[in-house]
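Colleague: I'd like to go over a predicted model; first the sequence, then the structure.
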Amino acid sequence: MSDHRSLSEPAPFTADDFAERLRRAAHAAQDAGLDGILVTPGPDLLYLTGYAPVAITERITMLVIPVDAEPAMIVPRLERPDAEAAAGASILRITDWTDGSDPYTESATLMAGTGRYAVSDSAWAMHLLGLQDRLPKSSYVSMTTALPMLRAIKDDDEIERLAAAGAAADQVYEEIVTVRFAGRSETDVGADLADLLRQFGHSQVDFTVVGSGPNGANPHHEIGPRIIEDGDMVVLDFGGLKHGYGSDTTRTVHVGEPTAEEREVHDVVRHAQQAGFEAVRPGVECQEIDRVSRAVITEAGYGDYFIHRVGHGIGLTTHEPPYMVEGETQILHPGMCFSIEPGIYLPGRFGVRIEDIVTVVPDGGRRLNQTSHEMRIVH
């Protein structure tokens, strides 16, 4: 396989970009009735400051975004040089603590003693309990619960990165359908997918699902030793990060000629995916995308075999809010990016799933994956 890595790189985010994100985060917290946001290492910290610690350890690193004061970040002293080198560091007041001191007492000085804060979902329990001990009148709520849309609406630069990741995943698919499937293991094909993702510019491979034959009826089957056989339906779901933003696409191929039933099931899923896409427009509730796709599958008699939500948000991580699922009344806004991935899973037999990443635009939706939804025959 040749090296297809893109030579073009998007311009890096600037201190001004991070300042605007911090400002919007503070306003969102105020609108939610919070006194601030506490952000620990993970995608939220990267989004708001450009800082990604080398390792998430037992040493507390925390960004504090008060609604009525300037943001500040506390870091372990030995990690301060790395924190100060981050793109957003110039707009932050950075303090540090040393091993042997009490990091929670020092962290508490950045917070209001009686405040109510949203906290990163990935925060360590030991850190939150330490803060509660020092500030017993403070209270906390998870970021997803209080501010689910903090990273959901992407700007043009983020969508450019997501589009590049989607285009790279499309190139991976066009390459993988040319390789031999029959007689090879799922592990072998999965390794090909991972290699191709890297060759097309992904810095990180998050998953390579190769669900052949009956394994395709398990939506989260990844790869295993099963030898792919002639006559197998094969679910291919793969993605990772390119330029820091996610790709995630699924196509279902067939080894040799499919049966009439296999074609029918594939067509039902294809129509369900198209119906979900056509329902995308500003002002629609997230749950409506699930309902529309699910209705197609239910009306075809396969409703009991569609066993997951129809989609999830994507950005700095491959799964994040918003979620296209029954009960999610969040309204779609331009700039939201998410998957539409209906499926039918017949236990012990085969599965079919088709997935594109879609972004909301003023007059509807825009696909970030462009490969054909028609069933591809592989050998």
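Modeller: Noted; the coordinates are in hand.

Colleague: Would you map out the domains in this protein?
Modeller: 15-146, 156-378 (automatic domain parsing).

Colleague: what mean pLDDT does the shortest one have?
Modeller: This points to domain 15-146. Summarised as a single mean, pLDDT over domain 15-146 is 94.

Colleague: gap between that domain and the chain center?
Modeller: From the chain centre to the centre of domain 15-146 is a distance of 22 Å (Cα atoms, centre = their mean, to the nearest Å).

Colleague: now residue 258: how far from residue 223?
Modeller: 22 Å (Cβ to Cβ, to the nearest Å). Every C-beta, even on glycine, is put in place using the N, C-alpha and C of the backbone.

Colleague: residues in contact with the residue nearest to the spatial centre of the chain?
Modeller: Averaging the C-alpha coordinates of the chain gives a centre point, and the residue nearest to it by Cα atoms, centre = their mean is residue 318 (2.1 Å). With contacts taken as Cβ atoms under 8 Å, 6 or more residues apart in numbering, residue 318 has the following neighbours: 206-207, 239-241, 246-248.

Colleague: will you turn those residues into JSON lines that also has pLDDT and secondary structure?
Modeller: Compiled in JSON lines, the contacts of residue 318 are given as follows (pLDDT from 0 to 100; DSSP: H, G, I helix; E, B strand; the rest coil):
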{"residue": "206", "pLDDT": "96", "secondary structure": "strand"}
{"residue": "207", "pLDDT": "96", "secondary structure": "strand"}
{"residue": "239", "pLDDT": "98", "secondary structure": "strand"}
{"residue": "240", "pLDDT": "98", "secondary structure": "strand"}
{"residue": "241", "pLDDT": "98", "secondary structure": "strand"}
{"residue": "246", "pLDDT": "98", "secondary structure": "strand"}
{"residue": "247", "pLDDT": "98", "secondary structure": "coil"}
{"residue": "248", "pLDDT": "98", "secondary structure": "coil"}
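
Colleague: and those residues, which two are the farthest apart?
Modeller: Pairwise distances among the contacts of residue 318 were taken by Cβ to Cβ; the largest, 11.4 Å, belongs to 207 and 241.

Colleague: which one of these two has more residues nearby?
Modeller: In this comparison of residue 207 against residue 241, neighbours counted by other Cβ atoms under 10 Å, the higher total goes to residue 241 at 20 against 17.

Colleague: Show me which of the contacts of residue 318 is closest to residue 107.
Modeller: Relative to residue 107, the closest of the contacts of residue 318 is residue 241; by Cβ to Cβ it sits at 29.9 Å.

Colleague: now for the longest helix seen in the chain, which elements pack on it?
Modeller: Ranked by number of residues, the top helix in the chain under DSSP state H is helix 156-176. Contacts defined by 3 or more Cβ pairs under 8 Å, 6 or more residues apart in numbering; DSSP states H and E place helix 156-176 against helix 186-199, strand 233-242, strand 245-246, strand 249-255, strand 356-361.

Colleague: same thing but 6 Å
Modeller: In this structure, helix 156-176 packs against helix 186-199, strand 233-242, strand 245-246, with contacts taken as 3 or more Cβ pairs under 6 Å, 6 or more residues apart in numbering; DSSP states H and E.

Colleague: roughly how far apart are residue 366 and residue 328?
Modeller: From residue 366 across to residue 328, the span is 21 Å (Cβ to Cβ).

Colleague: about what we covered before: of the domains of the chain, which is nearest residue 8?
Modeller: Distance to residue 8, taken as Cβ to Cβ, is lowest for domain 156-378 among these, at 8.4 Å.

Colleague: I'd say residue 115 and residue 35 touch.
Modeller: Yes - under the contact definition of Cβ atoms under 6 Å, residue 115 touches residue 35, with a separation of 3.4 Å.

Colleague: now the helix or strand where residue 321 lies and strand 356-361, what's the angle there?
Modeller: Residue 321 is part of strand 320-324, with elements assigned from DSSP states H and E. Compare the direction of strand 320-324 with that of strand 356-361 by axes from the mean of the first three to the mean of the last three Cα atoms, to 10 degrees and you get 90 degrees.

Colleague: Partner strands of strand 320-324 and their direction?
Modeller: For strand 320-324, sheet partners with direction are given as strand 311-313 (antiparallel), following DSSP bridges.

Colleague: List the contacts of the partner strand.
Modeller: Taking Cβ atoms under 6 Å, 6 or more residues apart in numbering as the criterion, the residues outside strand 311-313 that touch it are 152, 319-324, 338-341.

Colleague: hmm, try it at 10 Å
Modeller: Under the criterion Cβ atoms under 10 Å, 6 or more residues apart in numbering, residues 148-149, 151-152, 154, 246, 248, 276, 280, 286, 289-290, 293, 318-325, 336-342, 355-358 lie in contact with strand 311-313.
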